[in-house]
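# Build the 3D model from these lines:
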Amino acid sequence: MEELLEILKDLHPEVDFGICDSLIDDKILDSFDIVSIIAEINDRFDITVTAEKITPQNFNSARALYALIQELEDEE
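The predicted structure follows:
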C-alpha cells in the first residue's frame with residue numbers, strides 16, 4: 001500500500017489518499033492521472049490493468065485501487 005500511496009502522492013501531494021474515497025466522484029483524478037497511475041502500477045507491481053478494470057469504483061480511493069492491485073496479482 002505504501003508504494004501505491006507514493007505513486008498517488010507524486011500526482012497530487014495536496015490530497016490525503018489515506019482517507020479520501022471520492023477521487024473520481026470529486027474529480028480529483030482526471031483521465032490523464034488515471035493513465036499515469038495505470039502505467040506506474042503496471043510497472044511497479046508487474047501486473048496488467050485491463051480495460052474492463054478501469055471503472056470509477058476501482059479508482060475512487062487508494063483502498064479500492066490497492067484491492068484491484070491485489071486481485072490482479074493473484075491472477076498472475
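# The helix or strand encompassing Asn58 - contacts with which helices or strands?
For Asn58, the host element (DSSP states H and E) is helix 56-59. For helix 56-59, the packing partners by 3 or more C-beta pairs under 8 Å, 6 or more residues apart in numbering; DSSP states H and E come out as helix 62-75. In short, each C-beta sits where N, CA and C put it, glycine included.
# and with 10 Å instead?
helix 31-45, helix 62-75 (3 or more C-beta pairs under 10 Å, 6 or more residues apart in numbering; DSSP states H and E).
# what sits against the closest residue to Lys9 other than its chain neighbours?
Leaving aside its chain neighbours, Lys9 sits nearest to Phe17 (6.7 Å; criterion: C-beta to C-beta, 6 or more residues apart in numbering). Contacts for Phe17 (C-beta atoms under 10 Å, 6 or more residues apart in numbering) come out as 1, 4-9, 11, 23, 28, 61-63, 65.
# now, the most widely separated pair of those residues?
Greatest spatial distance among the contacts of Phe17 (C-beta to C-beta): Met1 and Ile28, at 18.3 Å.
# More neighbours: those two, which one.
Using other C-beta atoms under 10 Å as the criterion, Met1 and Ile28 rank with Ile28 on top: 17 against 13.
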